[in-house]
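1. Build the 3D model from these lines:
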Amino acid sequence: MTKDEVLAILQSQNPDTDVVFIGSGSDSDAYRAGTRIIRIPHAGSVDIYLREAAICHAIRPFISIPIPDITVHSDGDFMYVEHEMITGHKWSWHKFIWQPWRQKNLGKSIARFMAEMHTIDVSRVACATGPSMPYMEFDDVAPFISEILSPRQMQFLRKNYERILAHPVAKSDMVLTHLGIKGPNSVIDDTGALSGVFDFCNAGIYERWRDMVLIRMLAPYGLWRVFAREYERLTGVRIDVGRIVDLMKIEFLWSKRWIGADGKIHPAGRYFLAKNVGACMARFHHLPMIFKWMWVKRG
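-> Residues are numbered from 1 along each chain as shown. Now for the predicted structure:
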């Protein structure tokens, strides 16, 4: 179904409201109808949004900032999800680098949201989240990676990858995680603090440190330091920076980017794969990220 056809259907359902297309993501196309956001799942993505709706419903009582109240609609073959728009400003990791007080508010509010997620009793949400999708075993992805790396490089990657996977994880560190705290998935208020979080499609019960990979990898150090101090204060849990750095090295094998609706492995394109394998190899070799292109260019 084309965007024009979708717009025509949504306009007929909302005759007194302007409906506009606002963008595409990896799982859906998004439209705005008045104060509501409407998302049309791509083929095979419907279950993702049913799960997201269940997760948001289950955790809403435990989260202090607005999250989507998602409704799923089905009209024959036309299925969509909608929720009231969560208002606020867009942000990026370096937005407040010259405004320390706003950066501080952003770091503290991210820590508060993450602490609230991580202290929810997982037994309350296990039914909503379903089974978690941990990092895949190396043998499952080796056939794809072997097209990029030499046998010796494959051996090096396997050794390091399996070392990280074999690291024991305490039961107390298996928590409900969002796995996507960043500018595109949240909004802030005028003070820089989070005023809403959305896109819970990837939320699940995982190792807590995995939830911190993005902020450790992308945020300026000042923001990370504020976040870390506030998170430790709120939870009483000391952040394991070494473990986060290790997880950064293999995050490119995030299952959502590999597993299709048929349950089989479908990497998102050779270039995407080569770029992320290159980044992984550079980190394992303790090289600057510019060196990842050494592997991208191979073959």
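2. Grab the most central residue of the protein for me.
-> For the chain, the residue whose C-alpha lies nearest the mean C-alpha position (Cα atoms, centre = their mean) is residue 180; its distance is 2.6 Å.
3. I'd guessed that residue sits against residue 199; true?
-> Yes. Counting by Cβ atoms under 8 Å, residue 199 is a contact partner of residue 180 at 5.7 Å. Where you see a C-beta, it was placed from the backbone N, CA and C, and this is true even at glycine.
4. Look at the residue nearest to residue 226 when sequence neighbours are not counted and report its pLDDT.
-> Excluding its sequence neighbours, the residue lying closest to residue 226 (Cβ to Cβ, 6 or more residues apart in numbering) is residue 107, at 3.2 Å. We have a pLDDT of 97 for residue 107.
5. Could you do the one 3 residues further on as well?
-> Residue 110 is assigned 98 on the pLDDT scale.
6. so where is this protein shaky, pLDDT-wise?
-> By pLDDT under 70, the low-scoring segments of the chain are 26, 43-45, 76, 131-133, 252-265, 267-268, 297-299.
7. can I see the domain layout of it?
-> When the chain is parsed with automatic domain parsing, its domains come out as 3-84, 100-296.
8. where exactly do the strands run in the stretch 101-250 of the chain?
-> Counting by DSSP state E, counting those that start in this stretch, the stretch 101-250 of the chain has strands at residues 174-177, 186-188, 194-197, 204-207.
9. Please tabulate those strands in a markdown table, including the columns mean neighbour count and distance to residue 40.
-> Shown next, in a markdown table, are those (neighbours: other Cβ atoms under 10 Å; distance: least, Cβ to Cβ, whole Å):
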| stretch | mean neighbour count | distance to residue 40 |
| --- | --- | --- |
| strand 174-177 | 22 | 27 |
| strand 186-188 | 22 | 22 |
| strand 194-197 | 21 | 21 |
| strand 204-207 | 22 | 24 |
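10. Nothing else from me, thank you.
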